[in-house]
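Trainee: Turn this into a model:
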Amino acid sequence: AMQSEAIALYRNLIRHGKKFSNYNFREYVLRRTREDFSANRKVADQKVVAELIAKGKVDLGIVQRQSALSRMFSPDMVLAVEKRGAESQ
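Mentor: Got it, this is the predicted structure:
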């Protein structure tokens with residue numbers, strides 16, 4: 001059960017990490033996800049695994065929110081503030 005939950009968490013982090021519009025943020029999330037899961041691959045203590053999964057779920061929520069914001073405010077989008085600033089010049 002823990003293993004399938006960890007695999008699902010890994011896949012979700014990778015899936016949502018790929019949604020960042022900024023290359024640097026996207027690659028950072030993907031690299032950290034792979035490194036963290038690889039570093040903790042040999043953890044056998046179920047209590048520690050449960051704590052790592054709980055932390056991963058919090059991180060997944062952060063990645064989901066930040067990737068959504070990244071897409072909403074991508075650099076190719078002109079914000080209303082920028083339009084207003086250009087008109088006054």
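
Trainee: Who are the contact partners of residue 59?
Mentor: Residue 59 makes contacts with residue 13, as judged by CB atoms under 8 Å, 6 or more residues apart in numbering. C-betas here are computed from N, CA, C, even on glycine.

Trainee: model confidence over the helix or strand containing it, on average?
Mentor: Element membership of residue 59, judged by DSSP states H and E, is helix 46-72. For helix 46-72, mean pLDDT rounds to 95.

Trainee: buried set for that helix?
Mentor: Within helix 46-72, the residues that qualify as buried by neighbour count (16 or more other CB atoms under 10 Å) are 49, 52, 56, 59, 60, 63, 64, 66, 67, 70.

Trainee: With distance to residue 28 as new columns, can these be given to me in a markdown table?
Mentor: Shown next, in a markdown table, are these (distance: CB to CB, whole Å):
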| residue | distance to residue 28 |
| --- | --- |
| 49 | 25 |
| 52 | 20 |
| 56 | 16 |
| 59 | 12 |
| 60 | 15 |
| 63 | 10 |
| 64 | 15 |
| 66 | 11 |
| 67 | 12 |
| 70 | 12 |
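
Trainee: how much space between residue 57 and residue 8?
Mentor: Residue 57 sits 10 Å away from residue 8 when distances are taken as CB to CB, to the nearest Å.
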